[in-house]
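Trainee: Show me the folded form of this:
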Amino acid sequence: MNYRSVQIKESKQTKNTYDALVIGSGITGGWAAKELCEKGLKVLLLERGGPVTHPNYENSFKDPWEFPHRNRLNQKDQEDYHIQCRHYSIHEDNKNFYSKDSENPYEEIKRFDWIRANVVGGRSLLWGRQAYRWSDLEFEANAKDGYGVDWPLRYKDLAPWYDYVEKFIGVSGSQEGIAHLPDGIFQKPFEMNAVEKYFKIQTEKAYSDRKVIMGRVANATEPVKGRGICQARNLCHRGCPYGAYFSTNSSTLPAAFTTGNLSLRPHSLVNRILYDKDKQLAIGVEVLDTETREIHEFYAKLIFLNASTLATSFILLNSVSDRFPNGLGNDSDQVGRNLMDNHKGLNARARVEGFEDAYFYGRRPAVIYIPRFQNIEKQESDFLRGYILQGGAYRNTGDPDNRVGEELKSAMSYPGNWHMNLSAYGECLPYPENRVQLSPDKKDPWGRPLIQVDCSFKENEITMHKEAALVAAEMLEKAGFKDVQIDNPLSFPGNSNHEVGTARMGKDPKSSVLNGFNQMHSVKNVFITDGSCMSSSSSLNPSLTFMALTARACDYAVRELKKGI
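Mentor: Numbers count the residues shown, from 1 in each chain. A predicted model of the protein is given here:
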């Protein structure tokens, strides 16, 4: 290499060098960018998808008749989004947020519903916004029953970071004093309707171990800096122009940009992390520009990997070197293993007599919630861990059957009978055989190894799922509701969008990938705080815990950076 080529290489590297790189702009990537920028670091945020800028969501104010197919996906869409269509949430009005499966294939050894966004903000634009603190019921579970590895932290370590996150994002909820579902810093809760209040009274009278509470959601009911309050439009899935629910786009990204320290690069597909064996550190990333197909390298002293569980697994497994022939940080052979997701599928519903003089206003974004009540103090069930129930009461419009014209319009103007429904989310145990790997011979459209997913629910999840249906039916009957009906197909992994576990935290480098601060055991300047870091799955929605872990990890990482990691 001559002197001129050395100069060119050094100049290019200097231009592409930052203090920190953040891979992925979803819930955790947005938080990492905000925290690192606010601590004074120059940050490059890399996102594989295209730009979406708050509050300019293209479909947020459209009426139903403005969509050519009345908000249904046409045949071409169903082909392009054939895996995304396995989930209830994709429609004509928000398909632009989702990844086209025809352009982003992966191999399902067993069916896995990988529901993914392909825009700046990621699934922070699509999440259900339920925000619950985990307790030591979750953080001690692995140690107690022997599945997985012991978490390297406990609730007390995360509690101040839950406080920190809740103050920023705005969580509506009620103080309940449930030890295994810790209270937080809440805005005023949404209100139960008349039937739900009745169900709460009847349930808590019949069962000493169960409480019915209002769901805790990151939908603002009181002003949050720079954001409006929830309008109860039931259009969150289009992106909220009021900023009433927490998303990267409405919250953490504007905060990061305000510092002047953030650079955002969309259309940037990260192939691998670059490792320097002499420094024993990561030095940067290799990125494929999805518009030009050019390869770029970006460099930094600190890397936060927040690409989402499966994508993070790919990046690590694809980052091979002499030091890490099986993938970056994979000395333990745990990268890609222990893939988990909540199981669901229950629809328990009943007819409610009476309450004809009661109605409700708006389209509330929160459900009623029955926290876990199985195996709390001791093992009592035929399965380990547990599940939660959630649902709500509603009135249909008047009976439209066999009506046309004016008669139909009139019937649709009046509320019909009340109904009540319950669904369930259950915990999945960490099984090492549930895993993500790279195909040895198949390539994706970018010429990279194809992701393979081999994951299934086992006997523990199946047993738990069956019990949830029996319990939900009994509870509806004990409340005095009629004509109880049960549909209970077991979901496939991935469909709950809570996939976690493939680069887990742990105390021992021989059995885990990350330490108690989300720092790689073997590559000290790489931190992972998306779902892949989780050591167990819980029955609780994980996103609030992701955020708290991210804020805590950023605080630690910057302190370590100043000490010279």
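Trainee: For the rest of this, base every contact and every neighbour count on C-alpha atoms.
Mentor: Noted.
Trainee: Show me the shaky parts of the chain.
Mentor: Within the chain, the ranges that satisfy pLDDT under 70 run 1-13, 398-402.
Trainee: Give me the domain ranges for this protein.
Mentor: Listed domain ranges for the chain are 15-64+105-170+245-340+436-455+497-565, 173-215+343-426+457-492 (source: automatic domain parsing).
Trainee: quick one: which of the ones you listed is nearest H237?
Mentor: Of all the domains of the chain, domain 15-64+105-170+245-340+436-455+497-565 sits nearest to H237, with 5.5 Å by Cα to Cα.
Trainee: Now do the end-to-end distance for that closest one.
Mentor: 22 Å (Cα to Cα, to the nearest Å).
Trainee: go on, stretch 245-258?
Mentor: End residues of stretch 245-258 are separated by 20 Å (Cα to Cα).
Trainee: Name the residues that touch it?
Mentor: 25-27, 30-31, 33-35, 37-38, 52-55, 120-121, 124-125, 129, 169-170, 218-220, 227, 230, 236, 243, 262-263 (Cα atoms under 8 Å, 6 or more residues apart in numbering).
Trainee: can I assume L450 sits in a helix?
Mentor: No. Counting by DSSP: H, G, I helix; E, B strand; the rest coil, L450 is located in no helix; its state is strand.
Trainee: from the chain's centre, how far out does stretch 97-104 sit?
Mentor: 18 Å (Cα atoms, centre = their mean, to the nearest Å).
Trainee: Stretch 207-218 now?
Mentor: Put simply, stretch 207-218 sits 21 Å off its chain's centre (Cα atoms, centre = their mean).
Trainee: what about dumping the CA coordinates of stretch 371-380 to CSV?
Mentor: Written as CSV, here are the backbone C-alpha positions of stretch 371-380 (Å, rounded to 0.1, in the frame of the first residue of the first chain):
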residue,chain,number,x,y,z
PRO,A,371,-51.9,-10.0,37.0
ARG,A,372,-50.4,-13.4,37.3
PHE,A,373,-51.8,-15.5,40.2
GLN,A,374,-50.2,-18.9,39.6
ASN,A,375,-47.1,-20.2,41.5
ILE,A,376,-46.4,-17.0,43.3
GLU,A,377,-45.3,-18.2,46.8
LYS,A,378,-44.9,-21.8,45.9
GLN,A,379,-45.2,-24.3,43.1
GLU,A,380,-48.9,-25.2,42.8
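Trainee: so of the contacts of stretch 245-258, which ones are in strands?
Mentor: L262, S263 (DSSP state E).
Trainee: Could you give me the PyMOL syntax to select whichever of the contacts of stretch 245-258 are buried?
Mentor: In PyMOL, selecting the buried portion of these, with burial taken from 16 or more other Cα atoms under 10 Å, looks like this:
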select buried, resi 25+26+27+30+31+33+34+35+37+38+52+54+120+121+124+125+129+169+170+218+219+220+227+230+236+243+262+263
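Trainee: Minimum distance to I83: which of the domains of the chain has it?
Mentor: Per Cα to Cα, nearest to I83 of the domains of the chain: domain 15-64+105-170+245-340+436-455+497-565, 6.3 Å.
Trainee: Going along the chain, name the helices of the stretch 151-300 of the chain.
Mentor: 155-169, 194-206, 253-258 (DSSP state H, counting those that start in this stretch).
Trainee: count of neighbours near the closest residue to R552 other than its chain neighbours?
Mentor: Spatial nearest neighbour of R552, chain neighbours left out: W161 (6.4 Å); criterion: Cα to Cα, 6 or more residues apart in numbering. Residues within reach of W161, counting by other Cα atoms under 10 Å, total 19.
Trainee: Wait, W161 touches A551, no?
Mentor: Yes. Between W161 and A551 a contact is recorded at 6.8 Å, counting by Cα atoms under 8 Å.
Trainee: how about stretch 240-260: buried residues?
Mentor: 240-257.
Trainee: Stretch 228-241 now?
Mentor: Going by 16+ other Cα under 10 Å, stretch 228-241 has these buried residues: G228, I229, C230, Q231, A232, L235, C236, H237, R238, G239, C240, P241.
Trainee: Figure out the length between the terminal residues of it.
Mentor: Stretch 228-241: ends 9 Å apart by Cα to Cα.
Trainee: chain center to that stretch: distance?
Mentor: 18 Å.
Trainee: which residues sit against it?
Mentor: 54-57, 59-60, 89, 93-94, 125-126, 219-223, 242-245, 362-365.
Trainee: got it, and stretch 187-206?
Mentor: With Cα under 8 Å, 6+ apart as the criterion, stretch 187-206 contacts 170-174, 210-214, 216, 220-222, 355, 358-360, 364, 366, 368, 392-393, 418, 475, 478-479.
Trainee: Need the buried ones from those selected in ChimeraX.
Mentor: The ChimeraX selection below is limited to those of those classed as buried (16+ other Cα under 10 Å):
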select :170,171,172,173,174,210,211,212,213,214,216,220,221,222,364,366,368,392,393,418,475,478,479
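Trainee: all strands for the stretch 1-150 of the chain, in order.
Mentor: 17-23, 43-46, 107-108 (DSSP state E, counting those that start in this stretch).
Trainee: Sounds good, over and out.
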